[in-house]
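>>> Model the structure of this input:
(chains A and B)
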Amino acid sequence: MAEGTRLAVIGAGPAGLAAALAAAARGVHVTVIDSGAEAGGQFYRQPAEGLGARRPQALHHQWRTWERLRDGLGAHIASGRVVHLTEHHVWFVETDLNGFTVHALLGPEQEEPAEVHADAVLLATGGYEKVLPFPGWTLPGVVTAGGAQAMLKGGLVLPGRTAVVAGTGPLLLPVATGLAAAGAEVAALVESADPKAFVRQGGTFAAYPAKIAEGAQYAAELLRHRVKTLVHHTVVEAHGGDRLSAVTIAALDADGRVRPGTERRIPCDTLAVGHGMLPHTDLAEALGCRIDGLGVHVDDEQRTDVPGVWAAGETTGIGGAALSLAEGHIAGRSIAARLSGAEPDPRGWAAAARTRTKLRKFFAAVDGAYAPPAHWTELITDDTVVCRCEEVTGGAIREAVGELGAGDVRTVKLLTRAGMGWCQGRVCGPAVAGLAGCELTPSRRPFARPVPLGVLARAGESEEP
Amino acid sequence: MSSRTPLELADARPGPAFTVTLDGREIEALPGQTVAAALWAAGVTSWRTTRGEGRPRGVFCGIGVCFDCLVTVNGRPNQRACLLPLNPGDAIRTQEGTGHDG
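Next comes the predicted model:
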């Protein structure tokens, strides 16, 4: 092992890369461990190398920031300060007397284990998309908004010709404009948020001219691609046999219920749908880190309450790439100081801290303005599949709640198997919580992804020489 | 609407296309494409039926979280199509149920 202190950064998105660059520049030996074939995470997901994209920036925003991160990473790799382990799917971080052991599975097949030892860990594990169910949401052709974008950015493919983009949240804008720019006909952008909510948050939004400019740019792109935008509307149902053929959308009333008589059917072969984002917190939970709401709790230095473990980016709460960069930068500087035994001087990262404060406030307002329809659970019929893996219906969950007395997600799971399948409740968790009438809380999962039994049996056998 | 494609938008010059099979039928894939990307490019959005109701499924989350896109490749069932890159000659099979029945 190389001399000096060792940091394991888990995740090569904006937060992880910013932290790796800040720490490496201050003498820390960094290993960046990421599941992707290329650095970038979801925000800067790169087309597969074999596709030979000469203009990948056509699918991206803030490309110059990416170039700076990419070139910085390359320079540190060349100088030996950073090791970048690609296609390493981390499933567990173990604490031991010597620090931490990061356990990963290699490659797309995820059957071969790998271990990385470190003195400190930065969790930059990002987030994933929340989708609330409605009749027909399991039809092929219905994808998450982020999923459609990931397939477009990474594989340069579209799911179909005519798309509807629906749900709520700022992600719908780049998804709709991205699909349109790549040749899809985007028949409608259907946003459930009430414009009045933005007016109420107006003061907060007005304080961020850069974000207003970004919004105006999206508006112009939507106009240019002739994408019809419907606000305070929702998807009621997706139709089709073996694949999607149309969606029914409807207007919402002031209470967030579908206004009868406003339903209209839009033929399409793709529905990209999303209702916001959730932080990936599995590794933090397994390490025993405190979770606040749905995100990992961190202090002003981005430290979790577990010594030696820092967290940055979406895992601490959803706030976008710019906030992730600021948090990652602060974490990297804090880690470099702490690992050398020094007390960090926050004046060194004052600018990043100001950005962090501003953007956290901005995204709290964003969160308040974007919202799924208040009565979204009423769209879930008794026949609607809620847990996609175990095919548990809305009716089965209502029975568990109403007749069998389940009052929390865990009891619903034990009675119905909702959340017991491959994805371990990551997809159906919000819906089950909504139907059970309880708040969504992070589920405690021992491992962050499925692990072959053979890997568990061999764990600990292959120590470093 | 424009007839632009994602490959044109990104000015992609992929390496030579190669052949894989889906249930014995030949389809073309580009270097670097995952199983899911190649199937989408071939106009296929469903390649699995569920264990309970036998319903068709394909990509949902696109980033390896949801496991809806499971598929059998070269005889190995339950591979996530959105993560697995293709190689020339790969045999993709529509996966029924757990993938262990046939």
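>>> Flag every residue of the stretch 251-400 of chain A that's near chain B.
Contact residues, the stretch 251-400 of chain A versus chain B (C-beta under 8 Å from any C-beta of the partner chain): A:388-391. From N, CA and C alone the C-beta is placed, and that goes for glycine too.
>>> Can I get the buried part of those as one ChimeraX selection?
Applying 16 or more other C-beta atoms under 10 Å in any protein chain shown to these, the buried members can be selected in ChimeraX as follows:
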select /A:388,389,390,391
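>>> Put together JSON lines for the residues of the stretch 251-400 of chain A next to chain B, with secondary structure and pLDDT on each row.
Below are those laid out as JSON lines (DSSP: H, G, I helix; E, B strand; the rest coil; pLDDT from 0 to 100):
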{"residue": "A:388", "secondary structure": "coil", "pLDDT": "98"}
{"residue": "A:389", "secondary structure": "coil", "pLDDT": "97"}
{"residue": "A:390", "secondary structure": "coil", "pLDDT": "97"}
{"residue": "A:391", "secondary structure": "coil", "pLDDT": "98"}
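>>> tell me the contacts of the nearest residue to residue A:123 once chain neighbours are set aside?
Leaving out its chain neighbours, the residue that sits closest to residue A:123 by C-beta to C-beta, 6 or more residues apart in numbering or on different chains is residue A:311, at 4.3 Å. By C-beta atoms under 8 Å, 6 or more residues apart in numbering or on different chains, the contact list for residue A:311 reads A:122-124, A:284, A:289, A:296, A:298, A:302, A:304, A:331.
>>> try it again with 7 Å
A:123, A:284, A:296, A:298, A:302, A:304 (C-beta atoms under 7 Å, 6 or more residues apart in numbering or on different chains).
>>> phi, psi of it?
Taking degrees, to the nearest 10, you get phi -140, psi 140 for the backbone angles of residue A:311.
>>> hmm, the longest helix anywhere in chain B touching chain A?
Secondary structure of chain B per DSSP state H: the longest helix is helix B:35-41. Yes. Judged by C-beta under 7 Å from any C-beta of the partner chain, helix B:35-41 comes into contact with chain A through B:36-37, B:40-41.
>>> who does the helix or strand that that helix is followed by pair up with?
Once the chain leaves helix B:35-41, the next helix or strand it forms, by DSSP states H and E, is strand B:48-49. Paired neighbours of strand B:48-49 in the sheet (DSSP bridges): strand B:56-57 (antiparallel), strand B:95-96 (parallel).
>>> what's next to stretch A:141-153, contact-wise?
Residues contacting stretch A:141-153 (C-beta under 7 Å, 6+ apart): A:42, A:45, A:47, A:59, A:129, A:131, A:136, A:157-160, A:165, A:167, A:171-172, A:174-175, A:178-179, A:182, A:238, A:240, A:243-244, A:269-274, B:6, B:36-37, B:40, B:45, B:59-63.
>>> tell me the mean pLDDT for that stretch?
In this model, stretch A:141-153 carries a mean pLDDT of 98.
>>> from the chain's centre, how far out does that stretch sit?
Here stretch A:141-153 is found 13 Å from its chain centre; the criterion is C-alpha atoms, centre = their mean, to the nearest Å.
>>> where are the low-confidence patches of the stretch 351-465 of chain A?
Scanning the stretch 351-465 of chain A for pLDDT under 70 picks out A:460-465.
>>> lowest-confidence stretch among the strands paired with strand B:48-49?
Ranked by mean pLDDT, the strands paired with strand B:48-49 bottom out at strand B:95-96, which scores a mean of 94.
>>> Contacts for it next, please.
Against strand B:95-96 from outside (C-beta under 7 Å, 6+ apart): B:47-49, B:70-72, B:77, B:102.
>>> mind checking how far it is from the chain centre?
13 Å.
>>> same check, this time on stretch A:202-210
Put simply, stretch A:202-210 sits 24 Å off its chain's centre (C-alpha atoms, centre = their mean).
>>> Most neighbours among the contacts of residue A:311, which one is it?
residue A:123 (35 neighbours; other C-beta atoms under 10 Å in any protein chain shown).
>>> from memory that residue sits against residue A:315, does it?
Yes. Counting by C-beta atoms under 7 Å, residue A:315 is a contact partner of residue A:123 at 5.5 Å.
>>> Between these two, which contacts overlap?
A:284, A:296.
>>> that older thread, other residues contacting the longest helix of chain B?
The contact list for helix B:35-41, computed with C-beta under 7 Å, 6+ apart, reads A:151, A:155, A:157-159, B:20, B:22, B:27, B:29, B:47, B:59, B:69, B:71, B:73, B:81-82, B:84, B:86, B:92.
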